[in-house]
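Student: Sequence plus predicted model, see below.
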Amino acid sequence: MSNNKIIWSSLSPILQEKYKDRVNEKDDIHKFVYQFHIPNLDWINDSNIKTKAYQIFHEEYNELQLSINLFDNLLMHVDLNHEEHGINDFPIDMPREYFRFPALNNPKDIFSKTELTESENEKIELIINKAQKKMNIRNDENIVKEYYTKLEFISLFSSFEAYLENIYIEYFKKDDDNINAKKIIEKAGMLIKKNSTDNYLKEILMIINPELKNLLLGIKENIFDFFYLAYLVRNIHTHKLGKTSNYFIKKGILKNIIKKEIVKNDKNEIIEEYFYVDCLLGEYKIVEQGKYFSLKELTALFRSYTCEIAYILDNSVYQNKGK
């Protein structure tokens, strides 16, 4: 999206100042990563917040980040501790005691503390083996990280949905002064419930300020495609155990976010065909029906986009209202 296609005067002065020199004609992945993506993986700053919706979103985001960081750091320190004692394979084969219910390992809990039995070890091993096969991951630590990345993604998705619903309500209630508040709340809920994420995001942007859509396309030209992918991924991880369905692939193809690659030999004979996702930051992610869809690449990008959009909307709802 070119600069001259964005009507900058339609945006708030804060947005003009932040984005006018950062959005250019070329959709540059490297520029996006360093100017938008990486900064959004940090804490959300709580200064100059203008809406109650953003206040709630930023608090939930930062609190979630506390837990994610803590878990990652604990795993890292345990790994380093094992290495100091000459045990270098902790990430690959974690001691099965780590997977027990914590009370069973707690020496302070005299009523629950027990030694790991062979039967319990077998149960844990069976669960790990099934996870390895489903996710095609051998490394125990990566299995664990994939699961809390899933929790992170679903939590972020819910927080973002709630934010968009709240920002919609706040936008209309600022004029209505609580008149017809119930109808506004019901309409916001139905908007989220009946549409895919990309569609209800576009609708909210168009209601608050149509030029915001052009701004987002200027930041990343496939940003709405990404949100449709995230919507499909959320659904398979909620309802299909994270396994890619035929419906998922068909919908992705229709939106042109999943593409088919055909590999031929020097005789022009087809030797391989596969599908891949085309709206992750240069990542070549193959998708196959019935196979697990890993969330590692998608979650960080989802976090980055949602933070940027939340900030933009926060600085648009009360534009020209003298608030």
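Tutor: Done, it's in.
Student: Give me the helix or strand of this structure that scores worst on average pLDDT.
Tutor: Comparing every helix and strand of the chain by mean pLDDT, DSSP states H and E singles out helix 29-32 as the least confident one, with a mean of 86.
Student: In this structure Ile154 contacts Asn235, no?
Tutor: No - in terms of CB atoms under 8 Å, Ile154 does not count as a neighbour of Asn235; the distance is 10.9 Å. C-beta here means a position set from N, CA and C on the backbone, and glycine is covered the same way.
Student: where does the chain have low pLDDT?
Tutor: 1-4, 25, 174-179, 283, 320-323 (pLDDT under 70).
Student: quick one: contacts for the nearest residue to Asn121 once chain neighbours are set aside?
Tutor: With CB to CB, 6 or more residues apart in numbering as the measure, Arg96 is the residue that lies nearest to Asn121, at 5.1 Å, once sequence neighbours are left out. By CB atoms under 8 Å, 6 or more residues apart in numbering, the contact set of Arg96 is Leu116, Asn121, Ile124, Glu125.
Student: and of the residues you listed, the nearest to Ser47?
Tutor: Nearest to Ser47 among the contacts of Arg96: Ile124, at 46.5 Å, using CB to CB.
Student: contacts for the helix or strand harbouring that closest one?
Tutor: Following DSSP states H and E, one finds Ile124 within helix 118-135. Where contact means CB under 8 Å, 6+ apart, the residues beyond helix 118-135 that reach it are 96, 99-100, 137-138, 140, 143, 146, 241-243, 292, 294.
Student: Same question for stretch 216-228.
Tutor: Applying CB under 8 Å, 6+ apart, the contact partners of stretch 216-228 are 1-3, 5-6, 19, 23-24, 27, 32, 36, 196-198, 201-202, 205, 255-257, 278-280, 301-302, 305, 308-309, 312.
Student: and these, which of them are in helices?
Tutor: Secondary structure assignment by DSSP state H places 19, 32, 197-198, 201-202, 205, 301-302, 305, 308-309, 312 of the contacts of stretch 216-228 in helices.
Student: Turn the residues you listed into a markdown table, columns for neighbour count.
Tutor: Putting these into a markdown table (neighbours: other CB atoms under 10 Å) gives the following:
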| residue | neighbour count |
| --- | --- |
| Tyr19 | 20 |
| Phe32 | 18 |
| Thr197 | 22 |
| Asp198 | 19 |
| Leu201 | 27 |
| Lys202 | 18 |
| Leu205 | 22 |
| Leu301 | 22 |
| Phe302 | 23 |
| Tyr305 | 23 |
| Glu308 | 20 |
| Ile309 | 23 |
| Ile312 | 22 |
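Student: ok, which pair from those is furthest apart?
Tutor: Of all pairs drawn from these, the one with the largest separation by CB to CB is Tyr19 and Thr197; the distance is 22.3 Å.
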